[in-house]
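Q: quick check, what structure comes out for this input:
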Amino acid sequence: MDDDYGGVHHAGIDDLPAEFGPAAVLLDVREHDEWQRGHVDGATHIPMGDVPGRLAEIDRDARLFVICQVGGRSLRVAQYLRRQGYEPINVTGGMVAWSAAGRPVTTGDTTPGTV
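A: Numbers count the residues shown, from 1 in each chain. Coordinates of the predicted model:
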């Protein structure tokens, strides 16, 4: 992981845990239609524009990874969260990198997701 872009840490797909839950949160900040097409099982979905109004839903004590499609929106959200006292980690390459690495993508039912 490296630290730049205003103090925000970055992690590649290989640095991410295999599963997400209370201790390690994957915050997906993509729009609703992107989420519906495919997301990481166990991720938390809060679209970028909704983050300021939904801060209470983001656990300050969890290891927090922020992801979007390719990494730009998640970087901006991570920078915002850092200013709010969180210690977010931006996921380099986003869902495109996640999918390219062969990690599973779901739609929330039995249908495989797409990115």
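
Q: just for this structure, where's the confidence low?
A: By pLDDT under 70, the low-scoring segments of the chain are 1-5.

Q: hey, which helix is longest across it?
A: helix 72-83 (DSSP state H).

Q: which parts of the helix or strand following that one are buried?
A: Following helix 72-83 in sequence order, the next helix or strand is strand 88-91 (DSSP states H and E). Neighbour-count burial for strand 88-91, counted by 16 or more other C-beta atoms under 10 Å, picks out 88-91. Placement of C-beta: from N, CA and C, glycine included.

Q: check stretch 84-98 too.
A: By neighbour count with 16+ other C-beta under 10 Å, stretch 84-98 contains the buried residues 86, 88-95, 97-98.

Q: next: stretch 34-45.
A: 34-35, 38-40, 43-45.

Q: what of stretch 107-115?
A: By neighbour count on 16+ other C-beta under 10 Å, the buried set for stretch 107-115 is 113, 115.

Q: can you tell me the distance between the two ends of that stretch?
A: 10 Å (C-alpha to C-alpha, to the nearest Å).

Q: when you give positions from now on, start the count at 26
A: Right, with 26 as the first residue, what we last looked at is stretch 132-140.

Q: what's the spacing between that stretch and its chain's center?
A: 17 Å (C-alpha atoms, centre = their mean, to the nearest Å).

Q: also stretch 40-56?
A: Using C-alpha atoms, centre = their mean, the offset of stretch 40-56 from its chain centre is 6 Å.
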